[in-house]
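> After the sequence you'll find the predicted model.
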Amino acid sequence: MVFQFNLKKHQYEGRQSLKYTNHSEDTLHKVFYHLYFNAFKPGSVMDVRSRTIKDPDARVGDRIKELKKSEQGFMQVNALSMDGLPASFKEEGTILEVVLPKAIAPGQTVTLDMEFLAQIPLQIRRTGRNNTEGIEYSVSQGYPKICGYDEQGWHANPYIGREFYGPWGNFDVTIYMNKEYVLGATGILQNPEEVGYGYTLTEPERKEKLLKWHFKAENVHDFVWAADPDYVHTTYTAYNGTVLRFFYQPGPKTTDNWTLLPAAMDEALKYLNNHYGEYPYRSYSFIQGGDGGMEYPMATLITGERSLVSLVGVSVHELVHSWFQGLLASNEALYAWMDEGFTSYVSTEVMNHLKKQKLIPGLPEDNPQLSSVKGYVNFTQSGLEEPLITHADHFNTNAAYGMAAYTKGQVLLEQLRYVIGDDAFRQGMLQYFKDWKFRHPNANDFIRVMEKVSDLELDWFKEYFVNSVHTIDFEIEKYGFDAVILKRNGRMPMPLDITITLMDGKIIKYYIPIDLMRGEKKGDQYFSDFIVAKDWPWAYPDYVLDLGFDPQKISRIEIDASGRMADVNRGNNFFPRITTSEKT
């Protein structure tokens, strides 16, 4: 792929030669491409969606509607052929529909050649020029991108600014850019000496008006680049030899914190490799740009004028996406929680680890996931919650999308850890990466991994927590006559950790599995040395826990003393009940 830049018009002419292999069992008569820049025109689906949704993203709002012609984005395909034969095509907003001159048989590889013209819009969402911090070009979604095709067929979703999905490939990209600019991008630069990348070129060496930047990246599913004349480019070799690159504009709001960032990212990379699987690429670039933080293969765009904790936090989050968005690469549109939610969970763990290592300020927590559990529980009372199974583009509100994709997706992992125990959970997260990297797993694939490592049935967990908005609510109704009476008020069944404190201070723990699990967890760091009680049949609203001792000896009974289970009414998890004075 070749980009020839026109700085005056903020445009580039592009040539793309795509070797496409049909890995499906179907014969393909059409292909589809994403034309993301076309979203940044008045009247686009993204524009109208933003102006009609109840709670629009403040970065978008009605800004697309107000763009002048010269400020808009567009991606215009001028020619397209397959193996030298012209293909007919039509543009429908952000999607290009191509009718092939010949069908592509299963296993067949063809070459699709394309010529296109693109104009970079003003920075609004993810991609654009002249962002709020003065970065001139943040070029993401900057080329016609082949849509994903899998067992469900084509995924040619119009772009409204949410999730992405596409096949892996090897990228060979050449960008001709004005000589005063420094570029950061996905992949490995092939000609650093020619462009002064990490070097200082004399003016005679910069005699050409345009410099050629040549990048290669293998086995990635997207390509991003950014350019600014004021970028400082620094490198840091991580503990295992991975080269970490940093591109930012120096100044009082950036330099000090960006100088501290590499050591924190080195430790983050080490933690991630040890706990979630090995990062396979030779480098990763942190690039100041965009409108917040956005992940891409081998690189991220992040706004850079932040406190140290905020800068490390956004950098960690986008780096973690390399595992769930970059290497596992589930269809985010269908399973946003498998990327955003899992990334949020792991990012929280990494940030807590960095606090323990004193690489960022703040006190580490015993369980940093509890705040997300509380956030999800609070949202269940809003009436806005929608199931995780909802397509990312079709949530009724941005609030419901954000809660599902990020918070409830994060809470899902904490609930799963509660259900199967720490050891199985840790083993499962590593096994998931090992089994499914570069394979686009879906929700069933993830759950099956966790079933295998825990030796438990978990389809019920997915059906309730992913496919519905049923909530968890258990109550200690009463105790007496050598037994405790428990009640399920919520629709979702769950195994229960029961902690009983006796008058003499002795603690007795009971674990109540549900029959749907066909087993029980083996214990974890928050709940161990327990007595396994009889199963709670999932359809029964009540349960009798036989104690075998005088209940008069009991001082306190509590469901889930660790606070991990997402019970929407924790006030009835205790007996005797907590009084108002005790709460305060």
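Here it is on my side, so go on.

> got the phi/psi numbers for the residue nearest in space to the middle of the chain?
In the chain, the centroid-proximal residue (CA atoms, centre = their mean) is residue 340; its distance is 2.8 Å. Backbone torsions for residue 340, taken as degrees, to the nearest 10, come to phi -60, psi -40.

> list the contacts for it?
Counting by CB atoms under 8 Å, 6 or more residues apart in numbering, residue 340 makes contact with 332, 405, 406, 409. To be clear about C-beta, it is placed using only N, CA and C from the backbone, and glycine gets the same treatment.

> Spatially nearest residue to it, not counting backbone neighbours?
residue 405 (4.2 Å; CB to CB, 6 or more residues apart in numbering).

> Could you do residue 549 as well?
residue 482 (6.8 Å).

> Surely that neighbour touches residue 548?
Yes: using CB atoms under 8 Å, residue 482 makes contact with residue 548 at a distance of 6.4 Å.

> Mind giving me the PyMOL command for buried ones among the contacts of residue 340?
This is how PyMOL selects the buried members of the contacts of residue 340, with burial counted by 16 or more other CB atoms under 10 Å:
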select buried, resi 332+405+406+409
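
> quick one: which two of the contacts of residue 340 are the most distant?
Pairwise distances across those (CB to CB) peak at 12.1 Å, for the pair 332 and 406.

> residues near residue 518, how many?
Residues lying near residue 518 (other CB atoms under 10 Å) number 13.

> show me the contacts for it.
456, 457.

> Quick check on it: phi, psi?
Torsion angles at residue 518 (phi, psi; degrees, to the nearest 10) stand at phi 60, psi 40.

> follow-up on the earlier one: can you check the pLDDT for the residue nearest to the centre of the chain?
We have a pLDDT of 98 for residue 340.

> And residue 206, by the same measure?
49.

> likewise residue 85?
pLDDT, residue 85: 98.

> what sits against residue 543?
485, 486, 487, 488, 512, 536.

> repeat that with 6 Å
486, 536 (CB atoms under 6 Å, 6 or more residues apart in numbering).

> shaky segments in this structure?
Within the chain, the stretches with pLDDT under 70 are 197-208, 578-584.

> mind giving me the domain split of it?
With domains defined by automatic domain parsing, the chain comprises 240-469, 474-583.

> So which of these is nearest residue 37?
domain 240-469 (14.9 Å).

> Quote the end-to-end distance of that closest one.
For domain 240-469, the first-to-last residue distance is 43 Å (CA to CA, to the nearest Å).

> What of stretch 234-243?
Start-to-end, stretch 234-243 (CA to CA) is 10 Å.

> Remind me which helix or strand residue 317 belongs to.
Counting by DSSP states H and E, the element that carries residue 317 is helix 308-321.

> Next SSE downstream of that helix?
Following helix 308-321 in sequence, per DSSP H and E, is helix 336.

> Which strands or helices does that following helix pack on?
Contacting helix 336 under the criterion 3 or more CB pairs under 6 Å, 6 or more residues apart in numbering; DSSP states H and E is no other helix or strand.

> now that helix, how far from the centre of its chain.
Chain-centre distance of helix 336: 7 Å, with CA atoms, centre = their mean, to the nearest Å.

> who touches that helix?
Residues contacting helix 336 (CB under 6 Å, 6+ apart): 163, 392, 405.

> Quick check: the last one is in a strand.
It refers to residue 405. No: Residue 405: not assigned to a strand; according to DSSP: H, G, I helix; E, B strand; the rest coil it is helix.

> residue contacts, it?
336, 337, 340.
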